[in-house]
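Quick one: sequence and predicted model below, then my questions.
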Amino acid sequence: MHIHILGICGTLMGSIALLAKAQGHMITGSDDGVYPPMSDQLHQEGIALQSPYRRDSIPGAADLVVLGNAGLGRGNPAVEALLSSGTEFCSGAEFLGRFILKDKWVIAVSGTHGKTTTASMITWILECAGLNPGYLIGGIPTNFERSARLTESPFFVIEADEYDTSFFDRQSKFLHYHPRTLVLNNLEFDHADIFADLTAIEDQFHQLIRRVPASGLIISNSQDNNIETLLKRGVWSEQLRFGVISDQDPQPPGGLSMHQPSQLISLAGARLGTLNWGLTGVHNLSNALAALAAARHVGVPPEQGIESLADFTGVKRRMEIVHVSPKAILYDDFAHHPTAIKSTLAGLRQKIGQAPLYAILEPRSHTMRLGIHQDQLAPACVHADRVFWLKPERLAFDLDKAVSPQGHSVFDDPFVLAHAVGQQLGLERSNAHIVIMSNGGIDVLKNALLDQISHA
């Protein structure tokens with residue numbers, strides 16, 4: 001079958017292209033912009049790309065057109081031509097459900113935060129156990145070479161996104177996936193461009209829970225109040241709860257627990273082992289528990305999973321170290337929600353002690369640009385010594401007013417911001433840790449910072 005993919009350079013759609021190519025289909029694709037790293041993966045597979053969108057973007061010989069979401073609404077020339085042509089089409093999420101996930105044991109990782117990292121951990125644990133899982137992850141796990149893989153294994157790990165599916169299908173993507181093992185990591189208000197409030201998001205998660213079979217397993221965070229509220233609406237499957245607790249706290253009855261600071265893991269009071277690894281932050285300990293629980297459901301003993309996580313190296317753009325020098329260590333992180341920002345900085349602070357910590361943030365996601373979380377921005381950075389904000393375009397609130405009273409600096413220009421960081425670095429007596437946090441491209445800012453670091 002000849003499949004043409006619109007939006008092929010997005011993480012999800014590019015990954016779908018790789019999976020469909022592995023099934024033996026002929027794949028072509030179009031996007032408004034063709035850019036790495038996804039374009040590099042696609043070119044390596046011999047997939048022809050066309051850009052930008054035009055009325056003739058879709059080959060006449062295409063049997064099926066698979067559509068992404070971003071920028072692919074009514075008025076897009078390729079979409080209008082498709083609708084006029086009569087060619088069969090579907091969304092990316094629907095394609096996954098119909099052609100990739102059918103007949104698989106689907107392990108879906110959902111939640112506001114931690115989906116990519118947790119899905120990567122599960123995949124790595126199953127890989128180490130010799131189960132050779134298929135996977136589709138919204139990032140590139142550093143333990144693997146690409147963001148998606150199709151195998152003969154019955155197990156498939158997928159990052160389950162609550163964002164809507166397409167211009168013609170407004171339900172959440174994950175409702176097409178039909179998991180047998182479902183992870184509910186956490187739940188907060190996000191995606192203000194499509195959800196009116198938290199209840200609207202809960203409605204989609206409730207529909208996801210209703211799709212898990214009675215023989216399946218729902219793995220949920222026992223320390224998230226919004227998850228508790230969600231579960232009270234009804235659960236029809238087996239459950240396993242997980243949570244990070246203090247070494248001094250009594251072991252909760254049942255469930256999977258991580259004790260802090262010892263990192264001892266126990267299940268229903270029975271000690272399983274101690275986690276020793278290179279990742280930081282309580283949020284990653286919680287992710288690890290979810291991963292161990294999911295792997296256990298498909299037959300991997302938690303003790304074996306703990307050993308595998310010792311060799312888990314993370315995900316690109318999740319506290320990825322991109323530069324080390326005597327003056328500074330530079331990290332790239334995808335955090336774009338106050339909760340993720342705070343937990344990430346807290347984890348790094350715990351690791352580095354009193355060393356200088358700089359946070360450079362760009363509130364670029366749609367929800368952040370709307371100012372939904374503006375009152376939480378400054379408190380989220382409490383663990384940083386210096387905070388620098390890069391103001392994105394189309395900001396709907398006064399960023400200076402929101403963060404300047406706390407001593408934060410706001411910039412319109414990445415080069416001016418980088419210069420200010422360089423000046424501050426020149427005053428430091430010890431190696432500084434600098435974290436860039438944005439869900440957009442950061443190459444211009446990163447290169448400007450590297451230039452300043454080299455001259456500090």
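Structure received.

Surely Pro154 and Val106 touch.
No: in terms of C-beta atoms under 8 Å, Pro154 does not count as a neighbour of Val106; the distance is 9.9 Å. Just so you know, the C-beta spots here come from the backbone N, C-alpha and C atoms, and that holds for glycine as well.

What about the residue nearest to Phe95 when sequence neighbours are not counted, how many residues nearby?
Distances taken as C-beta to C-beta, 6 or more residues apart in numbering put Val66 closest to Phe95, at 4.8 Å, once the chain neighbours are dropped. For Val66, the count of nearby residues is 28 (other C-beta atoms under 10 Å).

What distance do you get for Val66 to Glu94?
According to C-beta to C-beta, to the nearest Å, Val66 and Glu94 sit 8 Å apart.

Could you count how many residues lie near Ser30?
Under the neighbour criterion other C-beta under 10 Å, Ser30 is assigned a count of 25.

Quickly list what it is bridged to.
Counting by DSSP bridges, Ser30 is bridged to Leu6, Gln50.

so what's it up against?
Listed by C-beta atoms under 8 Å, 6 or more residues apart in numbering, the contact set of Ser30 reads 4-8, 49-51, 53, 57-58, 78.

can you check Ala62 too?
Counted by C-beta under 8 Å, 6+ apart, Ala62 has contacts 2-4, 28, 87.

Kindly format the C-alpha coordinates of stretch 21-36 as PDB.
Included here for stretch 21-36 are C-alpha records, laid out as PDB according to Å, rounded to 0.1, in the frame of the first residue of the first chain:
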ATOM      1  CA  LYS A  21       7.800   1.400   6.300                       C
ATOM      2  CA  ALA A  22       8.800  -1.500   8.500                       C
ATOM      3  CA  GLN A  23       5.500  -3.200   7.700                       C
ATOM      4  CA  GLY A  24       6.400  -3.100   4.000                       C
ATOM      5  CA  HIS A  25       4.400  -0.100   2.800                       C
ATOM      6  CA  MET A  26       5.600   2.500   0.400                       C
ATOM      7  CA  ILE A  27       5.800   5.800   2.300                       C
ATOM      8  CA  THR A  28       6.000   9.400   1.100                       C
ATOM      9  CA  GLY A  29       5.300  12.500   3.100                       C
ATOM     10  CA  SER A  30       4.900  16.200   3.200                       C
ATOM     11  CA  ASP A  31       5.400  18.900   5.900                       C
ATOM     12  CA  ASP A  32       5.500  22.600   6.200                       C
ATOM     13  CA  GLY A  33       9.100  22.400   7.100                       C
ATOM     14  CA  VAL A  34      11.600  19.500   6.700                       C
ATOM     15  CA  TYR A  35      14.000  19.500   9.600                       C
ATOM     16  CA  PRO A  36      16.200  17.200  11.700                       C
END
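
Please identify the buried residues of it?
Across stretch 21-36, burial judged by 16 or more other C-beta atoms under 10 Å covers 21-22, 26-32, 34.

now stretch 76-87
By neighbour count with 16+ other C-beta under 10 Å, stretch 76-87 contains the buried residues 76, 78-79, 81-82, 87.

export those residues to JSON lines and tack on distance to Ser39 and pLDDT?
Converted to JSON lines, the buried residues of stretch 76-87 look like this (distance: C-beta to C-beta, whole Å; pLDDT from 0 to 100):
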{"residue": "Asn76", "distance to Ser39": "20", "pLDDT": "95"}
{"residue": "Ala78", "distance to Ser39": "18", "pLDDT": "95"}
{"residue": "Val79", "distance to Ser39": "21", "pLDDT": "96"}
{"residue": "Ala81", "distance to Ser39": "23", "pLDDT": "95"}
{"residue": "Leu82", "distance to Ser39": "22", "pLDDT": "96"}
{"residue": "Thr87", "distance to Ser39": "24", "pLDDT": "95"}
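
one step back: what pLDDT does the residue nearest to Phe95 get?
Model confidence at Val66, given as pLDDT, is 97.
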